[in-house]
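# Kindly return the folded structure for what I paste below:
(chains A and B)
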Amino acid sequence: MKLIMAIIKPFKLDEVREQLSALGVQGMTVTEVKGYGRQKGHTEIYRGAEYAVSFLPKLKIEVAVKSEMAAAVLDAITSKAKTGQIGDGKIFVTPLEQVVRIRTGETDGDAL
Amino acid sequence: MKKLAHGALAGMAALVAMSGAAFAAGPKIDTGDTAWMLTSSALVLLMTIPGLALFYGGMVRRKNVLATMAQSFGATCLMTVLWYIIGYSIAFTNNPDAGLNQLIGGFDNLFLKNMTLNSQTALAGTIPESVYMFFQMTFAIITPALIAGALADRMKYSAFLWFMGLWLIFVYCPVAHWVWGGGWLGAKGALDYAGGSVVHLNAGTAALVTCLVLGKRKGYGTENMAPHNLVLSVIGASLLWVGWFGFNAGSAVTSNVNAGMAAAATQIATATAALSWSFIEWLIAKKPSVLGLISGAVAGLVAITPASGFVDATGAFFIGLAAGAVCYTSSVWVKKWIGYDDALDAWGVHGVGGALGAILTGVFAKNAINSLGKGWLYDGNVAQLGIQGIDILAVFLYSGIVTFIILKLIDLVIGLRVSPEVEVEGLDINLHGETVHG
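Prediction:
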């Protein structure tokens, strides 16, 4: 199993979610986050006082899937979250040791 | 204009001075004038709460929003009580000593004890004294409250209240008496329709002194001090704009042609100044910020205040144009060059805008608009510029010096500034025990 964590532009969430649902992904966690990468930040000016805002708002989505689905999920996120502009985000994939569904006690593949 | 009524009824004023008491059966009350002045008083109160509270509250950081709003609201309450106790008497009643009356009003009307159901004042011939007292009270509320823009984020609430109270009695009341209450500046012919020098230059100068005495906010120039919610500031500036019709058109103290011209001039100057500031900023900083738009509007309101009942529409337009450009320069560039921390630009907008408006009143005042004013451009009265200059200089020096003394005294006794820990953690939680959630 894999845990796929992606940082994306906030307005791309709906497209990504639709594509993942179409692939059969059953669940997803979304968090509002702030960060920077190559896009760096931006500058705000208030009556001449300039402030560098180094952390920009992004969304972090987390999806747990069976290993064989990982490539398709990566593909879906990459194609749907992409604008071609700097700041589109990144995807991190890590191995997942164990999953438990709290209500039933089902584990691993059954719990996904 | 306060002075208009005063001039027209000078004879009556002398009568009051001689009898030593407000007369019970004055001229007939005009119901139209009274209705307009009741409305104007409520409009001017609206400028401070919630107008100024929102305008300033939106510009500070999230940790200091409530403390900033508490300053506007607390000042409103304290000034009201002090105006009843002593303020109205020393600002707007006659001092039995004619020499002293040039400087300060009398002490006969402490606790408003001469104000009766039917009493009137020579300063406002067609409305009850209660309404005139209330109208002037709302000016006495907003003027000290304006200073809070310079001391934001770092003053103790206790010190703030002491400062507001002492400043009202020792600075605002004498200056209001000089110009409007029968004192020397009014007698000299200084033109100040609704408070360019009495209110805005006066408060602005005090603001400049206050931010110099207090010192910069901790982290000024390095930390992010961006406004936490400009939506509040937009609502606040809009309420200031609407309330300002009570301020300027209400200063006719009657519901007549002068009130109408003052309202029209106010609207034209304000809109022009907002565009002027905004276009200059657009050109220089590449983006027309919302804060710039509303700051320009307030600058226009300030600058047209002394001129509002004396100028025509074109005069108002040029005053607005100048106000946007000059206040932009003072708030954005001069502050940066000199390096004082006038947090919300109380000096940059109100002080500079008030002085600019006072000078331009001397330029654009038109005898055909108001028989009491003769300016340079239309009436060839160059001397008016000198009188306006004296008005500005007198208010600037007096307000600056007395403000400095008051602040030093308070600092000596209870201290002006919060501790660095409190400043970093925020005034809301430390001074008021509350925070803004959500």
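
# What is the subsequent helix or strand relative to whichever helix or strand A:Pro57 is part of?
Using DSSP states H and E, A:Pro57 sits within strand A:56-65. Note on strand A:56-65: by DSSP H and E, the next helix or strand toward the C-terminus is helix A:70-81.

# related to what we said a few turns ago, the inter-axis angle of the strand holding A:Pro57 versus helix A:70-81?
150 degrees (axes from the mean of the first three to the mean of the last three C-alpha atoms, to 10 degrees).

# any idea how far A:Met69 is from A:Leu112?
9 Å (C-beta to C-beta, to the nearest Å). For every residue, glycine as well, the C-beta is placed using N, CA and C.

# nope, B:Ile401 is what I meant
Counting by C-beta to C-beta, the gap from B:Ile401 to A:Met69 is 78 Å.

# measure stretch A:86-106 end to end?
End-to-end distance of stretch A:86-106 (C-alpha to C-alpha, to the nearest Å): 41 Å.

# Could you give the number of residues near the residue lying closest to A:Thr78 once chain neighbours are set aside?
Leaving out its chain neighbours, the residue that sits closest to A:Thr78 by C-beta to C-beta, 6 or more residues apart in numbering or on different chains is A:Ile91, at 7.0 Å. A:Ile91 has 15 neighbours, counted by other C-beta atoms under 10 Å in any protein chain shown.

# Over to A:Gln26?
So A:Gln26, with other C-beta under 10 Å, has 11 neighbours.

# That one - that's part of a strand, no?
No: using DSSP: H, G, I helix; E, B strand; the rest coil, the secondary structure at A:Gln26 is coil, not a strand.

# mind checking the SS state of B:Phe317?
helix.

# Verify the contact between it and B:Thr272 for me.
Yes: using C-beta atoms under 8 Å, B:Phe317 makes contact with B:Thr272 at a distance of 5.4 Å.

# Tell me which of these two has more neighbours.
When B:Phe317 and B:Thr272 are compared for neighbours, B:Thr272 comes out ahead with 23 against 18, by other C-beta under 10 Å.

# and the next element down the chain from the helix or strand where that one lies?
Element membership of B:Thr272, judged by DSSP H and E, is helix B:257-285. Once the chain leaves helix B:257-285, the next helix or strand it forms, by DSSP H and E, is helix B:290-304.

# coming back round to it: and the residue nearest to A:Thr78, how far from A:Lys2?
For A:Ile91, the distance to A:Lys2 - C-beta to C-beta - is 11 Å.

# Could you name the helices and strands sitting against the helix or strand containing B:Ile90?
Applying DSSP H and E as the criterion places B:Ile90 in helix B:88-92. Secondary-structure packing of helix B:88-92 (3 or more C-beta pairs under 8 Å, 6 or more residues apart in numbering or on different chains; DSSP states H and E): helix B:129-151, helix B:173-179.

# mind redoing it with 6 Å?
Helices and strands touching helix B:88-92, as assessed by 3 or more C-beta pairs under 6 Å, 6 or more residues apart in numbering or on different chains; DSSP states H and E, comprise helix B:173-179.

# Quick check: buried residues in stretch B:105-112?
Residues of stretch B:105-112 classed as buried: B:105-106, B:109-110, B:112 (neighbour count, 16 or more other C-beta atoms under 10 Å in any protein chain shown).

# now do stretch A:56-65
By neighbour count with 16+ other C-beta under 10 Å, stretch A:56-65 contains the buried residues A:56, A:58-61, A:63-65.

# Tabulate the residues you listed (TSV), appending pLDDT and distance to B:Trp333.
Shown next, in TSV, are those (pLDDT from 0 to 100; distance: C-beta to C-beta, whole Å):
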residue	pLDDT	distance to B:Trp333
A:Leu56	91	29
A:Lys58	95	36
A:Leu59	97	40
A:Lys60	97	42
A:Ile61	97	46
A:Val63	96	52
A:Ala64	95	56
A:Val65	95	57
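
# how about the residue in chain A positioned nearest to chain B, what does it touch?
Closest to chain B within chain A is A:Gly48: 3.4 Å, counting by C-beta to the nearest C-beta. Listed by C-beta atoms under 6 Å, 6 or more residues apart in numbering or on different chains, the contact partners of A:Gly48 are B:332, B:336.

# excluding its backbone neighbours, what's nearest B:Val302?
Closest residue to B:Val302 apart from its sequence neighbours, by C-beta to C-beta, 6+ apart: B:Gly353 at 3.5 Å.

# so that neighbour touches B:Cys327, yeah?
Yes: the criterion here is C-beta atoms under 6 Å, and B:Gly353 meets it with B:Cys327 at 5.0 Å.

# What helix or strand is the residue nearest to B:Val302 located in?
With DSSP H and E as criterion, B:Gly353 is part of helix B:352-364.

# For chain A, what lies in contact range of chain B?
For chain A, the residues in contact with chain B (C-beta under 6 Å from any C-beta of the partner chain) are A:44-48, A:51.

# Most neighbours among those, which one is it?
Most neighbours among the residues of chain A next to chain B, by other C-beta under 10 Å: A:Arg47, with 22 neighbours.

# how close does B:Trp83 get to chain A?
33 Å (C-beta to the nearest C-beta, to the nearest Å).

# do you know how far that residue is from B:Val199?
Per C-beta to C-beta, B:Trp83 is found 14 Å from B:Val199.

# Repeat that for A:Phe11.
Distance, A:Phe11 to B:Val199, by C-beta to C-beta: 47 Å.

# more crowded one of those two?
B:Val199 (28 against 10).

# Which residue lies nearest the spatial centre of chain B?
B:Val199 (3.0 Å; C-alpha atoms, centre = their mean).

# Look at the residue of the stretch 251-400 of chain B at minimum distance from chain A and give its secondary structure.
Closest approach between the stretch 251-400 of chain B and chain A, counting by C-beta to the nearest C-beta: B:Val332, at 3.4 Å. Of the three states, B:Val332 takes helix under three-state DSSP.

# which ones are touching it?
Shown in contact with B:Val332 (C-beta under 6 Å, 6+ apart): A:47-48.

# before we move on, what about B:Gly348?
B:330-331, B:335, B:342.

# could I get those as a markdown table with distance to B:Ser251 and pLDDT?
Listed next are the contacts of B:Gly348 as a markdown table, based on distance: C-beta to C-beta, whole Å; pLDDT from 0 to 100:
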| residue | distance to B:Ser251 | pLDDT |
| --- | --- | --- |
| B:Ser330 | 25 | 97 |
| B:Ser331 | 26 | 96 |
| B:Lys335 | 30 | 94 |
| B:Asp342 | 27 | 96 |
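
# State the distance from the closest residue to B:Leu431 other than its chain neighbours to B:Phe134.
Distances taken as C-beta to C-beta, 6+ apart place B:Tyr157 nearest to B:Leu431, at 5.0 Å, with adjacent residues excluded. Distance, B:Tyr157 to B:Phe134, using C-beta to C-beta: 27 Å.

# Neighbour count for the two, which is higher?
Ranked by neighbour count (other C-beta under 10 Å), B:Tyr157 and B:Phe134 place B:Phe134 first, with 21 against 16.

# I'd assumed B:Ser41 was in contact with the more buried one.
Yes: counting by C-beta under 6 Å, B:Ser41 is a contact partner of B:Phe134 at 4.8 Å.

# What parts of the stretch 151-300 of chain B come near chain A?
Residues of the stretch 151-300 of chain B lying near chain A (C-beta under 6 Å from any C-beta): B:224, B:226, B:285, B:291.
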